[in-house]
Each structure stands twice: as C-alpha cells, then as structure tokens.
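J.: Provided below for reference: sequence and predicted model.
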Amino acid sequence: MEKNVLGTELEPCSLNPLTGYYRDGSCVNRGDENCVHLVCIYADEEYLNYLKKVGNDLITPVAEFNFAGVKPGQSWCLSAPWFLKSIEDGQEPKIFLHSTHERLLEVLSLETLKKYALDC
C-alpha cells in the first residue's frame, strides 16, 4: 500500500484528467527513480502560467501523447523537482496532502508541506 505524507493510504489525485507518472490517477512511486511525480497540486491559472513560463507547459494539449492539457481548477501530479523550483521562485501551488506521496518527505518536512496544503 502506497502512503501519503500523513502516513495514511495514498488517495487518488485526479481521474479527470488522468494524472500520475503511470497515468493511474495517483502520485505513486513504485521504486522507479524516474518516477518523481509525487506532489498532488491544485492547478490554478496563475500557477499554470508560471509553469509554462519556466518551461513546464501543462496547459498546451499534446495529441500524440493523448494529453488534453491541465485546466485551472484541476488536480495534477507534479514532479518533486518542479515543486522545489516553485518554492525557490516563491510560486508554490496549493497541494493535497492526502494525495501527495510520502517520498516527498525525503526532501521537505511535513510542517513545510502543511504551509501549502488545502486539506490539512
């Protein structure tokens, strides 16, 4: 059973759009070092525009990857490096702790994460 940063069962982040590294709706990590999409964010327009500006365009649809783009008001599994960059830039998004993977605690404390939480 995958766990969230609160130590309980990891809850789905988004089924519409289908998110996660494995496109299963969850910010899971199955021991794959490339899978760092651990943070379940609430994507508002300002944050999506910030990401696009710094090189992580989640807005623009990409048909060949069956990616419709993330819209304001949706949830999405963001990679830990992009989340950390957001914090450094003072542009951190709101997050859902119940849907954020416990591996994020390897780089940030729960107290820090609670500052950005919508669900604590």
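T.: Looks like it arrived, so ask away. Residues are numbered from 1 along each chain as shown.
J.: where are the low-confidence patches of this protein?
T.: For the chain, the stretches with pLDDT under 70 are 32-35, 120.
J.: which residues in it form strands?
T.: Per DSSP state E, the chain carries strands over the ranges 39-43, 74-78, 94-95.
J.: Go through the ones you listed and name the closest to Glu9.
T.: strand 39-43 (13.6 Å; C-beta to C-beta). For every residue, glycine as well, the C-beta is placed using N, CA and C.
J.: what's around Lys52, how many residues?
T.: Neighbours of Lys52 under the rule other C-beta atoms under 10 Å: 13.
J.: I'd say it and Ile59 touch.
T.: Yes - if you go by C-beta atoms under 8 Å, Lys52 and Ile59 touch, sitting 5.5 Å apart.
J.: sorry, back to before: and of the strands of the chain, who's closest to Asn4?
T.: strand 39-43 (8.7 Å).
J.: Which strands border that closest one, and is each parallel or antiparallel?
T.: Strand 39-43 sits in its sheet next to strand 74-78 (antiparallel), strand 94-95 (antiparallel), going by DSSP bridges.
J.: quick one: which of the ones you listed is nearest Tyr47?
T.: That would be strand 94-95 among these, by C-beta to C-beta, at 8.3 Å.
J.: Contacts for the closest one, please.
T.: Contact with strand 94-95 is made by 39-42, 44, 83, 113, 116-118, as judged by C-beta atoms under 8 Å, 6 or more residues apart in numbering.
J.: Contact partners for Gly25?
T.: Counting by C-beta under 8 Å, 6+ apart, Gly25 makes contact with 12-15, 18-19.
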